[in-house]
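Need coordinates for the below:
(2 chains, ligands or ions: 1)
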Amino acid sequence: MAIRLPRTDVVIVGGGWTGLTAAYELAHAGRRCVVLERGQFRHTVPDLQSPAMHDELKYALRYALMMDTARNTLTFRNRPEEIALPMRRLGSFLPGEGLGGAGVHWNGQLWRPLPSDLRIRSHYTDKYGAAFIPEELSIQDWGVTYEELEPHFDFFEKICGTAGKAGNLRGQKQEGGNPFEGQRSDEYPNEPMKQPLATTLFGEAAAREGFNPFPMPSANVTKTYTNPYGAVLHPCTYCGYCERFGCGYYAKADPIICVYDRLKGHENFTLRTQSTVMRVNKAPDGKSATGVTYIGDDGREYEQPADMVLLCAYGLWNVHLLLLSGLGQPYDPATNEGVVGRNYAYQTMASTRVFFNGKHRFNPFMGAGALGMVADDFNGDNFDHASLDFVGGGYIAVTQTNGRPVETTPIPSNTPTWGAAFKNAAREHYNSTLTITMHGSSMTRRANYLDLDPTYTDDLGRPLLRLTFDFPDNDRRMSRHVTAQALRIGRAMGGSLVEQSERASDPYSIVPYQTTHNTGGAVIGTDPKTSAVNRFGQLWDQHNVFVFGACLFPQNIGYNPTGSVMGLAYWTLAAIKSQYLANPRPLMGGSP
Amino acid sequence: MPREQMPAPGSAPLLLRRRTVLAAALALAHPGWVFAQGVPVPDKGEFFFLSDREARILTAAVDRILPQDRWPSASQAGVVEFLDYQLATEWGQGDRLFQQGPHQAGTPQQGYQLPHTPAELYRAALADASWNAFVTASPGEQDNMLKALEKGEARLGDISGATFFTALRQNTIEGYFCDPIHNGNKGMAGWRMLGFPGANAYYLTEVDRFDLDYAREPSGVAHRPDEAMPPPAQRRGQ
Ligand SMILES: Cc1cc2nc3c(=O)[nH]c(=O)nc-3n(C[C@H](O)[C@H](O)[C@H](O)COP(=O)(O)OP(=O)(O)OC[C@H]3O[C@@H](n4cnc5c(N)ncnc54)[C@H](O)[C@@H]3O)c2cc1C
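Predicted coordinates for the structure are as follows:
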């Protein structure tokens, strides 16, 4: 029998960006918040300190800060006809675990969506006609607009001390920023990062080719900065141990520095680590949740009653918890009915390598997770799609994140991958090769979805989440088109060899790292038939359960997700504070 | 745009042959430093996990993956000691590997599906009799045998050659370029070969100096003599 704990106002599943932020905002709104985090307690000091943190093998390759796949993972297949098998070790994406979640080991590339991204179906229909949208796609509007989210994007950029240059300040185009972005109410809080040679060459070549390059918006901060919660960040040292590592310099915005440190000790805040939530408990009438059941750090089962339940466990695991708890109708691709697990999407990545054969010294080890120059000319609908046969796009960028040597052996494709020729090539190209990234959108279709696996279980005996995914043809066409633009820039850079590889030209594989940008499965919207939550992130049927994270995205944008995730998080929290707390109820009409 | 130079490195690359030779050389150059690199030495015999036969096979194999040239071969740079320690400790013993059955072959897109931990994979694959001839074969013959594994044309008992070769290649590169605290990259030979300065990383004033010849002596994560890796539980092969 579970040990029943005293009631709390709010129980929050997960201690990453979304969970700690929700706790901060609601604790300060006078609500007692309990955060349950399955992983360990950890802190910048001493757990993320250099030089011990600067161990490529331990952190980047053995995933010391990430989810323990011996205990819990998911199963995967490309197509519904196949048998899904467990992801037995991490690869394609690297979910977080422990205080701060994946926000501890992210890059900090901090983006907003385009206004048109959020009303994608209406936008394409208005501009190109309804018949333009490929039939295979189940894309839909978000039900919340850029204008509604803008103040929240702005606030999160300030929480992170984001370094960047505005391109559109209250409708005025700004030199040096992204000319395609939506209107911003304010400039970035910090100046852009210093640019090294590789990203500078890219920016120069892109400009010559008629693109509009600008520095990537970065949560690796550029000066000593105090965020709106009072957290102090310090200038990034360009150490090259950023993504997959924690930052011991207080220079990469993360949830521990930016939120937790300013919340700990608050009378309304309780954190319990090594506490894995098993399920959300429903009231007998099914109309609300009564709290959660979890396994505590002593291995015993607890029931935490609460007036509100916030799912902040990362997109994938929020969907898992919804399915395990019987909240919302599971999606069935055969009938196309149900909503939980529907519209899973990912990120469509491609790369173009430019070899300079010793002509340059790029010193790739002088890097930062969000250090780069970007051209956004072929993202979203920033370019005319009328004569094209796909929806979406992607940004084209050169980043200089790291030169960690196990991960950095760029060699021409006709070079053997081992032996004397390999060794020689690895040495020759290490310091004079750069990679242009295409970071593309990912559209949704019926056959890509999440449900529960019939065979495999986690260490607590629960069915694993099952992922069925392959790149839609729409995205393969998008990838080819946008990658061709990247090739143009690559050729203009003056390298001796330019080579491309596109992820979407092959079936999606769970093995090579692509991005930790898993989206959808509990999407936001205004129609209970096609969205798991209403436009405030609230479950349609259990009004005291709110969902956070990229599982809300109806399809994925061409940008990294966390700016959008946190814009939505603050939007939901604002609705909770201003509309829900005083009068708990469905904020939009319930199920039909 | 400033394009500038820093002084060229003063010392030629170290050519490393034996651990003892290296240890002595480094101990002279940097008193206390060999300790600081944290190489735990097993009580009995040369290795924690590998049998002498396994070590001989691996020495030959990793030296075809990264042969000696101006820079040390994989085994000269400690890759066999690296592998030994990796296989004897958490990763090798299946840490973070989801081991629940049923195990069944999947598509390449579904990734590793064997029931073996890395230690079991190496032990089973190296037990195959085809390795007996490998150790004494000529380098050309060795390459052909490795190529047959790589292409999946040869099997090692119940293990696909390609699966084992993929692991061996990846682990060899890890051992050559990892921080020396893991027993590979002896003398930081792998880092010196690339010009990678290692763990002590602070480039605020250098990052935007274009084409900078940054030739600083590399350094690893270990700064104190007590920062050695803990010895593993003994699991030496026969
Ligand atoms: C290597 C890497 C690089 C990245 N780079 C970028 C980038 O540059 N830009 C960008 O926008 N995004 C990036 N991301 C993605 C970014 O990290 C995530 O979008 C963000 O951290 C998600 O925040 P979250 O709060 O939704 O989830 P998380 O940060 O994952 O937090 C969820 C927490 O919930 C816990 N949890 C899960 N299940 C349970 C349970 N049942 N009970 C209790 N606790 C549970 C987890 O342990 C975890 O700590 C990157 C991610 C990785 C891994």
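
okay, now residue 231: neighbour count?
In the absence of a named chain, this looks at chain A. If you count neighbours by other CB atoms under 10 Å in any protein chain shown, residue A:231 ends up with 21. (Each C-beta comes from the backbone N, C-alpha and C, glycine too.)

that answer is for a different chain, and I need it for chain B
Neighbourhood size, residue B:231 [other CB under 10 Å]: 14.

my read: it touches residue B:48, true?
Yes. The criterion here is CB atoms under 8 Å, and residue B:231 meets it with residue B:48 at 7.3 Å.

Establish whether stretch A:546-556 and the ligand are in contact.
Yes. Judged by CB under 6 Å from any ligand atom, stretch A:546-556 comes into contact with the ligand at A:549-550.

Can you give me every residue that contacts residue A:452?
Neighbouring residues of residue A:452 by CB atoms under 8 Å, 6 or more residues apart in numbering or on different chains: A:323-324, A:330, A:463-466.

Am I right that it is in a strand?
Yes. Remark: residue A:452 belongs to a strand, assigned using DSSP: H, G, I helix; E, B strand; the rest coil.

Would you mind naming the residues that bridge with it?
Note on residue A:452: beta-bridge partners by DSSP bridges are residue A:465.

separation between it and residue A:458?
Distance of residue A:452 to residue A:458, given as CB to CB, to the nearest Å: 11 Å.

shared neighbours of those two, anything?
Common neighbours of residue A:452 and residue A:458, using CB under 8 Å, 6+ apart, are residue A:464.

any idea of the pLDDT on the residue in the stretch 1-150 of chain A positioned nearest to chain B?
At 3.7 Å from chain B, residue A:54 is the closest residue in the stretch 1-150 of chain A, using CB to the nearest CB. Model confidence at residue A:54, given as pLDDT, is 97.

which SS class is it?
coil.

just the one 5 residues further on next, same as before
Following three-state DSSP, the label given to residue A:59 is helix.

Would you list the phi and psi of the residue nearest to the spatial centre of chain B?
Residue closest to the average C-alpha location in chain B (CA atoms, centre = their mean): residue B:175, at 1.8 Å. Main-chain dihedrals, residue B:175, degrees, to the nearest 10: phi -70, psi -30.

The closest residue to residue A:234 other than its chain neighbours: how many residues sit nearby?
Spatially, and ignoring its direct neighbours in sequence, residue A:234 is nearest to residue A:250 (4.6 Å; CB to CB, 6 or more residues apart in numbering or on different chains). Neighbours of residue A:250 under the rule other CB under 10 Å: 22.

Strands along the stretch 1-150 of chain A, start to end?
A:3-4, A:8-13, A:33-36, A:74-77, A:85-86 (DSSP state E, counting those that start in this stretch).

Helix or strand: which one has residue A:305?
Per DSSP states H and E: residue A:305 is located in strand A:301-311.

Show me the shaky parts of chain A.
Along chain A, segments meeting pLDDT under 70 span A:589-592.

List the buried residues in the longest helix along it.
Longest helix in chain A by number of residues (criterion: DSSP state H): helix A:473-492. When burial is assessed from 16 or more other CB atoms under 10 Å in any protein chain shown, helix A:473-492 yields the following buried residues: A:473-479, A:481-483, A:485-490, A:492.

can you check stretch B:141-160 too?
B:142-143, B:145-150, B:154-156, B:159-160.

Show me the residues you listed that map onto strands.
The strands, defined by DSSP state E, take in B:155-156, B:159-160 from the buried residues of stretch B:141-160.

Those: which two are farthest apart?
Spanning the widest gap among these are B:156 and B:160, at 8.0 Å by CB to CB.

shared neighbours, those two?
In contact with both residue B:156 and residue B:160: no residue, using CB under 8 Å, 6+ apart.

Leaving out chain neighbours, which residue sits closest to residue A:184?
residue A:166 (5.1 Å).

Please work out how many residues are found near the one you found.
21.

quick one: contacts for it?
Residue A:166 touches A:174, A:177, A:181, A:184, A:186-188, counting by CB under 8 Å, 6+ apart.

ok now do the residue nearest to residue A:49 when sequence neighbours are not counted, which residues does it touch?
Using CB to CB, 6+ apart and skipping residues adjacent in sequence, the residue nearest residue A:49 is residue A:248, 4.1 Å away. Neighbouring residues of residue A:248 by CB under 8 Å, 6+ apart: A:44-45, A:48-50, A:53.

By neighbour count, which of those wins?
residue A:48 (26 neighbours).

sorry, back to before: how far off strand A:8-13 does the strand holding residue A:305 point, in degrees?
In terms of direction (axes from the mean of the first three to the mean of the last three CA atoms, to 10 degrees), strand A:301-311 departs from strand A:8-13 by 80 degrees.

buried sites along strand A:301-311?
A:302-304, A:306-311.

Residue A:74: neighbour count?
The number of residues packed near residue A:74 is 24, by other CB under 10 Å.

go on, the one 5 residues further on?
Summarising burial for residue A:79: neighbours were counted as other CB under 10 Å, giving 13.

For it, give its distance to residue A:521.
Counting by CB to CB - residue A:79 and residue A:521 are separated by 18 Å.

Equivalent analysis for residue A:59, please.
For residue A:59, the distance to residue A:521 - CB to CB - is 28 Å.

Those two: which has the busier surroundings?
Between residue A:59 and residue A:521, counted using other CB under 10 Å, the more crowded position is residue A:521 (33 against 22).

That one touches residue A:340, doesn't it?
Yes. Between residue A:521 and residue A:340 there is a contact at 7.1 Å, judged by CB under 8 Å.

what residues are shared contacts of the two?
The contact sets of residue A:521 and residue A:340 overlap at A:319, A:450, A:532 (CB under 8 Å, 6+ apart).

Could you give the number of residues near the residue in chain B that the ligand sits nearest to?
Residue of chain B nearest the ligand, by CB to the nearest ligand atom: residue B:96 (14.4 Å). Using other CB under 10 Å, residue B:96 is surrounded by 19 other residues.

Kindly report the same for residue A:283.
Residue A:283: 12 neighbours (other CB under 10 Å).

picking that back up, quick check, nearest of the buried residues of strand A:301-311 to chain B?
Looking across the buried residues of strand A:301-311 and measuring by CB to the nearest CB, the closest to chain B is residue A:311, at 23.7 Å.

so who does that closest one touch?
A:13-14, A:280, A:318, A:321-322, A:522, A:545-549.

show me where the stretch 201-350 of chain A has strands.
Under DSSP E, counting those that start in this stretch, the stretch 201-350 of chain A gives strands at A:214-215, A:225-226, A:232-233, A:269-272, A:276-282, A:289-295, A:301-311, A:348-355.

mind putting those strands in CSV, distance to residue A:130 included?
As requested, the strands of the stretch 201-350 of chain A are exported to CSV (distance: least, CB to CB, whole Å):
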stretch, distance to residue A:130
strand A:214-215, 34
strand A:225-226, 47
strand A:232-233, 47
strand A:269-272, 49
strand A:276-282, 38
strand A:289-295, 39
strand A:301-311, 34
strand A:348-355, 24
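
Of those, which is nearest residue B:191?
Of all the strands of the stretch 201-350 of chain A, strand A:348-355 comes closest under CB to CB, at 21.5 Å.
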